[in-house]
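S.K.: no sequence on hand, only this structure:
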DNA sequence: GTGGTCTAGACCACG
DNA sequence: GTGGTCTAGACCACA
């Protein structure tokens, strides 16, 4: 559902909040969609339920989410604007720089790193399509 | 010199450490270069000198920097020892996955992300060679 | 738990770090054992909590300890990765030279020093096995 | 002449002071012996002359050394008591523990480490006797 | 209550 | 003037 990296020094709550906002902004989650329960998400991400609850609470106060008691937590109608194009490009640049710098630190030439990334992507695509065939044959 | 964003939940010291590693990995800093003094950088970034000292210390332990007592802090010749081959591949895989996951969260198709990365790399190469022409015409 | 000598010119944090490493290396602390909390140890050793925290942090980065957020600090299963073979020999040589040089400074003939070392090792082995009999009779 | 380990976090001046005291206490230096000049020793140990001067000064104030202006620095008659036997054993124990703990950290079994040490000692003896044959055939 | 981060400020070691 | 060590004390993230 979302990605949390425990080795990233960024606080867990910040990572999760950002992930939810990004998912909405990029259209992976839509207004009215139901989010996982606090406990479900906590188990899935292997973090404490309090941390998830805190994020849901803050996003609710920020008007991004809406809690219907006894029902669940949902994305609000006008939860946030779509990430502007320049914004998305800025974030993508950050990601790219982080990858290239990491590879350089490892002493891997950028050309090789890019080639490796392409391979890795194809691997994942293959795995994913295989998993789908297994789940819904 | 470096950019620190106090409103970013990422710890200051982690931001600075990454900034220095990136500067080295992308060729903006070269082996032998002298870094700003702890106090200078602290003033410039408006953070506490201890925070800067912590980063310098950690990077020294990691073999990235070298401090000459009473003189200053410098970029080391070989930024840490080369990791073993299987280790390197494991780390590169982690970097690649992080990049792809990040792009996916932004809603950017992997194919586009890979293409973007290639562009970004070429941009950096161009910038770097330009910087060198300026330094040593 | 550990011994710190404030009159020793060796930095407090270095003394504590060595003490912990020695306790692990000699079997007084085992993988999985919980260390005292930062504040407990600080009070016990009469040093500042930050100093203890610095040591725990460095040992964590070194792969010797593991901290579980909000829970405590523990001895890791495998205290750091095994160094490569040539690396290990180089380090072992350094250790041996330091020992022999130290003994020479004390005016102890090398032959005696080596004999003493052997005795000391057997002593430690006996102490260790005794401790285990006490813990799990 | 003396041993200084730059990677030891113990301050250089403390290492040197201890080395001189030990040399006297163990009879490697005798009352009346002339010490190297500040600059000579600084060059030999690759440390700053100020650091050596500071140590000589402190030992002079402590009554261990004596400076005859224009002549040199000498060991005083009753510079310090001979290291008592128990004291020497305590220090030797410390050295031994440091060696064994270091080996254990490297994952080297104590038995192997002791054997290695013996080999290393014989190597050094051979090298030394060879060097003497070359210097004074 | 656990560890983590940051600050302000003192003093030391070294060149 | 350089980095290093230590302290006291505040506030945060997490369980």
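M.R.: Now that the structure is in, tell me what you want to look at. Small disclaimer: the values here were computed from a predicted structure and weren't measured.

S.K.: from now on I want contacts and neighbour counts done on CA atoms only, so please keep to that.
M.R.: Noted.

S.K.: gap between the helix or strand bottoming out on mean pLDDT in chain A and the chain center?
M.R.: Every helix and strand in chain A was compared by mean pLDDT, DSSP states H and E; the lowest is helix A:110-135, with a mean of 82. Chain-centre distance of helix A:110-135: 19 Å, with Cα atoms, centre = their mean, to the nearest Å.

S.K.: what of stretch A:13-30?
M.R.: That offset, for stretch A:13-30, works out to 6 Å (Cα atoms, centre = their mean).

S.K.: is that stretch in proximity to chain B?
M.R.: Yes - with Cα under 8 Å from any Cα of the partner chain as the criterion, chain B is reached by stretch A:13-30 at A:14, A:19, A:22, A:23, A:26, A:27, A:28.

S.K.: report the two of those residues separated the most.
M.R.: Spanning the widest gap among these are A:14 and A:27, at 19.9 Å by Cα to Cα.

S.K.: excluding its backbone neighbours, what's nearest the residue in chain A that DNA strand E sits nearest to?
M.R.: Scanning chain A for proximity to DNA strand E using Cα to the nearest atom of the strand identifies residue A:9 as nearest, at 5.6 Å. Leaving aside its sequence neighbours, residue A:9 sits nearest to residue B:10 (Cα to Cα, 6 or more residues apart in numbering or on different chains; 6.5 Å).

S.K.: the one you found: neighbouring residues, count only.
M.R.: By other Cα atoms under 10 Å in any protein chain shown, the residues close to residue B:10 number 17.

S.K.: now for it: which residues touch it?
M.R.: A:9, A:10, A:11 (Cα atoms under 8 Å, 6 or more residues apart in numbering or on different chains).

S.K.: that older thread, so which of the residues of stretch A:13-30 next to chain B is the closest to residue C:95?
M.R.: Closest to residue C:95, out of all of the residues of stretch A:13-30 next to chain B and judged by Cα to Cα, is residue A:14, at 45.1 Å.

S.K.: tell me the pLDDT at the residue nearest to residue A:9?
M.R.: As summarised for this prediction, residue B:10 has a pLDDT of 90.

S.K.: got the domain boundaries for chain A?
M.R.: Residue ranges for the domains of chain A, per automatic domain parsing: A:12-75, A:85-135.

S.K.: quick check, the longest one touching chain C?
M.R.: Looking back up the chat, that one is domain A:12-75. No - figure legend: domain A:12-75 not in contact with chain C (Cα under 8 Å from any Cα); closest approach 10.1 Å.

S.K.: coming back round to it: of the residues of stretch A:13-30 next to chain B, buried ones?
M.R.: A:19, A:22, A:23, A:26 (16 or more other Cα atoms under 10 Å in any protein chain shown).

S.K.: the third one and residue B:105 touch, don't they?
M.R.: Which is residue A:23. Yes - with contact defined as Cα atoms under 8 Å, residue A:23 reaches residue B:105; the gap is 6.1 Å.

S.K.: and whichever residue of chain A sits closest to chain D, its phi and psi?
M.R.: With Cα to the nearest Cα as the measure, residue A:106 is the residue of chain A nearest to chain D, at 24.1 Å. Main-chain torsions, residue A:106, degrees, to the nearest 10: phi -80, psi -10.

S.K.: can you check residue A:67 too?
M.R.: As for residue A:67, its main-chain torsions (degrees, to the nearest 10) stand at phi -100, psi 120.
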